[in-house]
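How does the following fold in three dimensions:
(one chain, ligands or ions: 1)
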Amino acid sequence: MVGRMPRINTHYQKLRAGYLFPEIGKRVRAFAAAHPDARIIPLGIGDVVLPLPVPIVDALKAGAEEMGKRETFRGYGPEQGYDFLREAIAASYREQGAQVALDDIFVSDGSKCDTANIQEIFALDNVIALTDPVYPVYVDTNVMAGRTGEADDSGRYGKLVYLPTTAENGFEPTLPAGHVDIIYLCSPNNPTGAVMSRAALERWVAYARKEAAVILFDAAYEAFIREPGLVHSIFQIPGSRDVAIEFRSLSKSAGFTGTRCAFTVIPKELCGRDAGGGPVSLHSLWNRRHTTKFNGTSYPVQKAAAAAFGPEGRRAVQANIDYYMENARLIREGLSSAGYRVYGGQNAPYIWLRVPGGMTSWDFFDRLLAEANVVGTPGSGFGSCGEGYFRLSAFGWRENVEAAVERIRTNCRWEP
Ligand code: MLT
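Reported below is the predicted structural model:
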């Protein structure tokens, strides 16, 4: 019987442990079962808590109403997204000083899916560089595709090029020593909360142009940038249109983690090369993939997303972002005053802290859960350079954030 079963994709067997957040969920459930009275505060996964703003809900309802009437009902929409939304997105790029055309934009149901799927349009023998620590999706999807080789004891895959980002280098990845074909960058960064400077991005674009590499720029958290003058889009950097793809999401900014809408920008001039060395448009390949595997984000959701770009929607979205960034400030300042070394949280909704006393990230996870009943994310789950660090998310109710900070200050103070 077994001998006749279909063979599996054995690259999946190279994946390390479970995906990070289900693993955390498992540990938290076990703790909660053993301590039914504990009031656990979740600051682990970056998931929003504030409800969708009213102008967005109104647009969602209006979209649903249209779907319920014969005159305004719609079936399949354009796979790339409705023009009313793509126009709103292109206009917001123009305001940021980035050159993005309506038909560079592919609307989707999430940046996790887009950053996961983009690797499909590239050959398996490309050399991939990514930061360490890193959003695990970039690594795992390349493992699944068979691009990485096996992991060593530290969890690093032999064929990936890792760019350490730690306190020692100010969380700025340095350029690879040699040639790489594809580079994943995320700014504002998940998990470190660091933001890449304009000068750093200019260096990366210059590197990509020199090496004919492609930058996969994850800007899912750009709306959380507070400091004026910081770059929100890689397309604000001259020369980036023929070396970069950008991913953006409404999940964290407009509260769409459960509603699902994101978009990917692939400039039409961006090319890879085929087996004969001839240039091939990556935009056209992604269009082929998108239209084959995706039938578009639902109409009411796109109406809701467009409302997030309108004047009232923007005000409401900004109020939610301000709320989370005030949480970030409370966590940053509260933990600093409790003796922790904290990073991030100023232009990103994540606080990245140094685990005290030589504990591992998972030891600290267990200690925080046991002594403060607070759930965070172990830095080692994001890569070997994340060992000794820990991430707290600012996406939570204010009263929970205040209680979490107070409990950490009381029960987990750290005197260096
Ligand atoms: C995170 O906590 O890192 C995020 O929620 C992950 C994601 O956006 O997929």
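
Can you tell me how far whichever residue of the stretch 51-200 of the chain sits closest to the ligand is from Thr264?
Of all residues in the stretch 51-200 of the chain, the one sitting closest to the ligand is Lys112 (4.4 Å; C-beta to the nearest ligand atom). To be clear about C-beta, it is placed using only N, CA and C from the backbone, and glycine gets the same treatment. Look at Lys112 and Thr264: by C-beta to C-beta, to the nearest Å, they are 12 Å apart.

cool, Val231 as well?
Relative to Thr264, Val231 is positioned 18 Å away (C-beta to C-beta).

so after the element among helices and strands of the chain having the smallest mean pLDDT, what's the next helix or strand?
Ranking every helix and strand in the chain by mean pLDDT, DSSP states H and E puts helix 20-34 at the bottom, with a mean of 91. Past helix 20-34, further along toward the C-terminus, the next helix or strand under DSSP states H and E is strand 41-42.

Can you name the residues in contact with that next one?
Val28, Ala372, Asn373, Val374, Val375, Gly396, Asn400, Ala403, Ala404, Arg407 (C-beta atoms under 8 Å, 6 or more residues apart in numbering).

coming back round to it: three-state assignment of the residue of the stretch 51-200 of the chain closest to the ligand?
The local conformation at Lys112, judged by DSSP: H, G, I helix; E, B strand; the rest coil, is helix.

Repeat that for Ala308.
Going by three-state DSSP: Ala308 is helix.

same deal with the one 4 residues further on?
At Glu312 the chain is in helix, as set by three-state DSSP.

burial count for it?
15 (other C-beta atoms under 10 Å).

Surely it touches Val57?
No: at 11.6 Å, Glu312 and Val57 do not qualify as touching, with contact defined as C-beta atoms under 8 Å.

Let me know the secondary structure of Phe217.
Three-state assignment for Phe217 (three-state DSSP): strand.

Give me the nearest residue to it, chain neighbours excluded.
Nearest residue to Phe217 in three dimensions, chain neighbours excluded: Ile234, at 4.2 Å (C-beta to C-beta, 6 or more residues apart in numbering).

Could you give the number of residues near the one you found?
26.

Who has more neighbours out of Lys112 and Thr264?
Thr264 (24 against 20).

Give the helix, strand or coil label for that one.
Going by three-state DSSP: Thr264 is strand.

Which residues lie in contact with the residue of the stretch 51-200 of the chain closest to the ligand in this structure?
Residues near Lys112 by C-beta under 8 Å, 6+ apart: Val137.

Tell me the confidence at it?
Lys112 carries a pLDDT value of 97.

who's in contact with stretch 77-85?
Taking C-beta under 8 Å, 6+ apart as the rule, stretch 77-85 contacts 86, 102-103, 105-108, 263, 287, 290-291, 294-297, 299, 302-303, 305-306, 309.

Dig out what Pro279 forms beta bridges with.
Arg273 (DSSP bridges).

check contacts around it.
Cys271, Gly272, Arg273.

Can you go through the residues you listed and name the buried ones?
Among the contacts of Pro279, those buried by neighbour count (16 or more other C-beta atoms under 10 Å) are Cys271, Gly272.

Quick check: which ranges of this protein have low pLDDT?
Flagging of the chain using pLDDT under 70 yields the residue ranges 1, 17-19, 416.

check contacts around the one residue in it that gets nearest to the ligand.
Among all residues of the chain, Gly46 sits closest to the ligand, at 3.3 Å; criterion: C-beta to the nearest ligand atom. Contact analysis of Gly46 by C-beta under 8 Å, 6+ apart lists Asn190, Lys252, Pro349, Tyr350, Ser393, Phe395.
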